[in-house]
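Peer 1: following is a predicted model, sequence given first.
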Amino acid sequence: MSASGQGRSRDVRAAINESTFREINEQLVAAVALDGSDGELHDVVCECARADCTELVTLTLREYDAVRAESERFVVAPGEEHVKADAEIVVERYQRYWVVEKIGVAGEVAVALDPRDDA
């Protein structure tokens, strides 16, 4: 496999990892939304590409929904170790969390795996 093919494969795996964490968070957020506690802070799992990441990110349901409005966007813990620079860019930085946007093939995979996408 060529170097570019290996990089593409790593980007796809990273996007799949992040999408798996996003699906977990979707279930957590759905359960919390039933309580109607929108203004409260809630913990979700970091949606970074690292399969071994166990960090929690704290945000409101409104903040999470704002990130999820774009299929290519994920909420990650603050810090460069949660950013895969060759497959995503940091688009927003807050004290409690950062927002990354998948680019290239990783973005395409993220869109395809978005549980909120009805298409």
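Peer 2: Good, I have the coordinates.
Peer 1: and Gly39, how far is that from Leu61?
Peer 2: 8 Å (CB to CB, to the nearest Å). All C-beta spots, glycine's among them, are computed from the backbone N, C-alpha and C.
Peer 1: quick one, which of those two is more surrounded?
Peer 2: Leu61 (20 against 8; other CB atoms under 10 Å).
Peer 1: okay, now the unreliable bits of the protein?
Peer 2: In the predicted model, the chain carries pLDDT under 70 at residues 1-8, 11, 14-18, 21-22, 24-38, 106-107, 109-111, 113-119.
Peer 1: where along it do the helices fall?
Peer 2: Along the chain, counting by DSSP state H, helices occupy 3-33, 61-68, 104-112.
Peer 1: quick check: Trp98 vs Asp86, distance?
Peer 2: From Trp98 to Asp86 the distance is 17 Å (CB to CB).
Peer 1: ok, Cys46 next?
Peer 2: 19 Å.
Peer 1: which one of those two has more residues nearby?
Peer 2: Using other CB under 10 Å as the criterion, Cys46 and Asp86 rank with Cys46 on top: 23 against 12.
Peer 1: who touches the more buried one in this structure?
Peer 2: By CB atoms under 8 Å, 6 or more residues apart in numbering, Cys46 lies in contact with 21, 53-57, 75-77, 82.
Peer 1: show the buried residues in those.
Peer 2: Buried subset of the contacts of Cys46 (neighbour count, 16 or more other CB atoms under 10 Å): 21, 53, 57, 75-77, 82.
Peer 1: and which of these is nearest Glu108?
Peer 2: Phe21 (18.1 Å; CB to CB).
Peer 1: farthest pair within the buried ones among the contacts of Cys46?
Peer 2: Counting by CB to CB, the most remote pair of the buried ones among the contacts of Cys46 is Cys53 and Val75, 12.2 Å apart.
Peer 1: circling back to that earlier point, narrow the buried ones among the contacts of Cys46 to those in strands?
Peer 2: 57, 75-76 (DSSP state E).
Peer 1: now, among those, which is nearest to Ser9?
Peer 2: Nearest to Ser9 among these is Val76, at 21.5 Å by CB to CB.
Peer 1: no further queries at this time; thank you.
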